[in-house]
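Participant: Structure, please.
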Amino acid sequence: MVAAFSAHSQQLSLDSLYSRDTDETRVFANTLTAWRHSMPTPDTQVMSWYTTLDIDLDNTRQGQLRLNLQADSPAAAVTLLPGVDFTGAAVKARVRVANWADLAGLTLVFGSDGIAATNTVTLDLKSRLADPPDGEWIEVVVRVSELERYNDADLARIDFAMIRAQGRPGSHVDVGTVSLLRPATEHAAGTEVKIFDPRFDVTRKLVRNAADTGRLFNYGAQVTRLDVENDAGDARLASDARVLASASFGRVHLAGSLGVLDSATTTTVGSAEAVWQALDPLTLSLGHARNAIDTVEALQADIVQDAFTFAADYTAERWGAYASAAEIDYSDGNDRSMLTTKVHAGVSEKSATHVYLRTRHYRNSDPYSPYYYSPESYGRWLVGVSSRVRAGEHLVVAGHVDAGRQKADGESDLGWTTQLRLESRPAKEWMFKATMGIDQTRPDYRYKYIMGYIVYQ
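Facilitator: Next up is the predicted model:
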């Protein structure tokens, strides 16, 4: 199980993974992680940005923010929120555009998963207006129920707001206060909560802090205890201790770790990753990771792997594609070249159902290692379906099932995987997640796993 405790910007979690395969190899991994996240306190609103060029500091006034439209990407400003309840409310936005004909899009995005902005509701302001006047402030009020909703955003816990504008380079958009309006009831008067309140001093401070990461820098520590046993009854324990850090610079996110693996001897381990939001639908990433290999034989011989990975992920409204090329160098002299792909398409927005095709191919330069599974060549093609639905008020059920063919050293066989995930929606301070699955990962070999955690925040 995983227990996580959050106090404003601190988090402590204990993760456990249990797995067993048909060769009776067992892995039990416990990971304790402590993070200090640079998050706003409940009474603080912080503005961020995608690039420093987006914000025109020379023309910013108290209570308004001016966005400069760029040629290569939308201009944007971001606010991190302390978990605002959007349920049953309305959104009021105040904007001004010198020439609306120069504007291709003006969108408000609200998310329930932080700056990742994966689970969101959006409002296309430009499409709501008919012949808006140039150069005048306009107020737009829209009920939250009328916003477009993506990937099961949790309206009871919105912690991210962004306004984006794109159009003719050199044009600008003035943004005033964006508020959440709550209707009056028989027990309480109507209220207005400011969720985007431009202030010149805050904007200037955060733009100046871009060089030293300012409030977007996180750090922590992690300790993993590995307990591995093989079919002969031999067992091995190992410890992996690391320091962690991450930083965000608008469209670029950097993360890394560094530590030691204590097995037969002490070995340096760690990771480094750079993720770039190149375009709105396209994300590119480059990474390196040195990790232990979770077999008794590899831990006894201190065999580790260095993985160098380049990946591209394209996500459109109804379909997407992913590709990853990796070069994995093992310390026993073997090199593995691997290509992983996935293409998916949405078939039901209501139930978040997708169909997909995914593949994996790799080749080992020095095959048949006694330390880990390493055929000379391996290939797998799987076709499947995935879905994510809300089951009641507080539970989300998700999962996938797929099947296809796999081929190892010329031997072809049936391959399939299945996974079930249960996730509670935030109810007071508690939330839990559990994942279980089976992977028929190669001929005559079946991998079974279960993971779970519970969160208190």
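Participant: Run through the residues that contact R182.
Facilitator: Contact analysis of R182 by C-beta atoms under 8 Å, 6 or more residues apart in numbering lists 88-89, 190-193. C-betas here are computed from N, CA, C, even on glycine.
Participant: any idea which of the residues you listed is closest to V95?
Facilitator: Nearest to V95 among these is E192, at 17.0 Å by C-beta to C-beta.
Participant: The residue nearest to that closest one when sequence neighbours are not counted: what's it in contact with?
Facilitator: Residue nearest to E192 in three dimensions, not counting chain neighbours: S179, with 4.9 Å by C-beta to C-beta, 6 or more residues apart in numbering. When contacts are counted by C-beta under 8 Å, 6+ apart, S179 touches 91-92, 192-196.
Participant: hang on, the earlier thing: which of the contacts of R182 has the most neighbours?
Facilitator: Within those, most neighbours by other C-beta atoms under 10 Å means A89, with 22 neighbours.
Participant: contacting residues for the closest residue to N99 other than its chain neighbours?
Facilitator: Leaving aside its sequence neighbours, N99 sits nearest to D134 (C-beta to C-beta, 6+ apart; 5.3 Å). D134 is in contact with 97-100, counting by C-beta under 8 Å, 6+ apart.
Participant: how about the helices of the stretch 151-300 of the chain, start to end?
Facilitator: 200-208, 296-300 (DSSP state H, counting those that start in this stretch).
Participant: need the least confident one among those helices, by mean pLDDT.
Facilitator: Ranked by mean pLDDT, those bottom out at helix 200-208, with a mean of 45.
Participant: Now do the domain split for the protein, please.
Facilitator: Following automatic domain parsing, one gets these domains for the chain: 3-39+215-456, 46-196.
Participant: what separates the first one from the chain centre, distance-wise?
Facilitator: What it means is domain 3-39+215-456. 13 Å (C-alpha atoms, centre = their mean, to the nearest Å).
Participant: sorry, back to before: of all the contacts of D134, which comes closest to I138?
Facilitator: Nearest member of the contacts of D134 to I138, counting by C-beta to C-beta, is V97, at 8.4 Å.
Participant: List phi and psi for that closest one.
Facilitator: phi -130, psi 130 (degrees, to the nearest 10).
Participant: Correct me if wrong: it contacts L125.
Facilitator: No - in this structure, V97 is not within contact of L125 by C-beta atoms under 8 Å, at 9.8 Å.
Participant: So for those two, which residues contact both of them?
Facilitator: What both V97 and L125 touch, as defined by C-beta under 8 Å, 6+ apart, is the set L106.
Participant: one step back: keep only those of the contacts of R182 that are in strands.
Facilitator: Using DSSP state E, 191-193 are the members of the contacts of R182 that sit in strands.
Participant: Pipe those into TSV and attach pLDDT per row.
Facilitator: Compiled in TSV, those are given as follows (pLDDT from 0 to 100):
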residue	pLDDT
T191	79
E192	83
V193	81
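Participant: Relative to V84, which of those residues is nearest.
Facilitator: Of these, the one sitting nearest to V84 (C-beta to C-beta) turns out to be V193, at 6.5 Å.
Participant: contacting residues around the closest one?
Facilitator: Contacts of V193 (C-beta under 8 Å, 6+ apart): 84, 179-180, 182.
Participant: quick check, nearest of those residues to S257?
Facilitator: V84 (32.3 Å).
Participant: Around the closest residue to that closest one other than its chain neighbours, count how many other residues there are.
Facilitator: The shortest distance from V84 to any residue other than its chain neighbours is 4.9 Å, reached at I158 (C-beta to C-beta, 6+ apart). Using other C-beta under 10 Å, the number of residues around I158 comes to 26.
Participant: Tell me where the stretch 201-350 of the chain has strands.
Facilitator: Secondary structure of the stretch 201-350 of the chain, counting by DSSP state E, counting those that start in this stretch: strands at 217-229, 235-249, 252-262, 266-277, 282-292, 304-315, 319-330, 335-348.
Participant: I am finished for the moment; much appreciated.
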